[in-house]
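A.B. asks: sequence plus predicted model, see below.
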Amino acid sequence: MSPRARSSLRALAATALALLLAACASPDFERPGASRAEVVARLGAPAGISPLAGGGERLLYTTQPAGYQAFHLDFDAGGRLVRKEQVLTFAKLSAVVPGQWTLADVQRTFGRPMLVERVARFDGDIWTYRFLDDFSTRRQAHIHIDRSGVVRLVMFTDEPVPSDDRMP
């Protein structure tokens, strides 16, 4: 094997190893009892932080806009992980109550959306989240938030399947 081929092979192996290690850094793999500092060192800065009763706090990690998950990692007052939950689910998104939930509630619970858009028939923003339903079907939740920051409507659609331009 030529030196150039060996160098290319080493670079490919290093890239594969880096991707494998990055895939291991997921809230899925965090275990109760882990310290907040350890979790943040592995996962990086959270997308959101919220206080919890009793002096604890919740860190929010999300894979939006490209992924389908958002995790709540709850720490007790001593900074130890006590609970982890994936919240981009049909059940959690269905629990958003129009007229009661606000923009702040949506942000705190689900993090940033995949897409924020406007349409002519609604005076406000539509926040769209990607998620997998109970049957692993790719879905989207569209949360309509009026100009005063109140949720007015929640709709669900199937995620469009990208077309294959190679097909005739």
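C.D. replies: Everything's here; your move.

A.B. asks: ok, then the element right after the worst-scoring helix or strand of the chain on mean pLDDT?
C.D. replies: Ranking every helix and strand in the chain by mean pLDDT, DSSP states H and E puts helix 3-24 at the bottom, with a mean of 53. Counting by DSSP states H and E, the next helix or strand C-terminal to helix 3-24 is helix 36-43.

A.B. asks: got a list of contacts for that following helix?
C.D. replies: 25-27, 30, 46, 57, 59, 61, 73, 75, 79-81 (CB atoms under 8 Å, 6 or more residues apart in numbering). The way it works is simple: take the backbone N, C-alpha and C, and place the C-beta from them, glycine included.

A.B. asks: 10 Å instead?
C.D. replies: Helix 36-43 is contacted from outside by 24-27, 29-31, 34-35, 46, 56-57, 59, 61, 71, 73, 75-76, 78-81, 84, using CB atoms under 10 Å, 6 or more residues apart in numbering.

A.B. asks: got the buried residues for stretch 48-63?
C.D. replies: 48, 56, 57, 58, 59, 60, 61, 62, 63 (16 or more other CB atoms under 10 Å).

A.B. asks: and the two most separated of these?
C.D. replies: Maximum pairwise distance in the buried residues of stretch 48-63, criterion CB to CB, is 23.6 Å, between 56 and 63.

A.B. asks: re the thing from before, of the contacts of helix 36-43, buried ones?
C.D. replies: Judged by 16+ other CB under 10 Å, buried ones among the contacts of helix 36-43: 27, 30, 34, 46, 56-57, 59, 61, 71, 73, 75, 80-81, 84.

A.B. asks: which of these sits closest to residue 142?
C.D. replies: Checking these against residue 142 by CB to CB gives residue 71 as the nearest, at 21.7 Å.

A.B. asks: just the element for that closest one, please.
C.D. replies: Using DSSP H and E, residue 71 sits in strand 70-75.

A.B. asks: report the secondary structure state of residue 108.
C.D. replies: Three-state assignment for residue 108 (DSSP: H, G, I helix; E, B strand; the rest coil): helix.

A.B. asks: just give me the neighbour total for it.
C.D. replies: Residue 108 is flanked by 15 other residues according to other CB atoms under 10 Å.

A.B. asks: nearest spatial neighbour of it, chain-adjacent residues omitted?
C.D. replies: Nearest residue to residue 108, sequence neighbours excluded (CB to CB, 6 or more residues apart in numbering): residue 50, at 5.3 Å.
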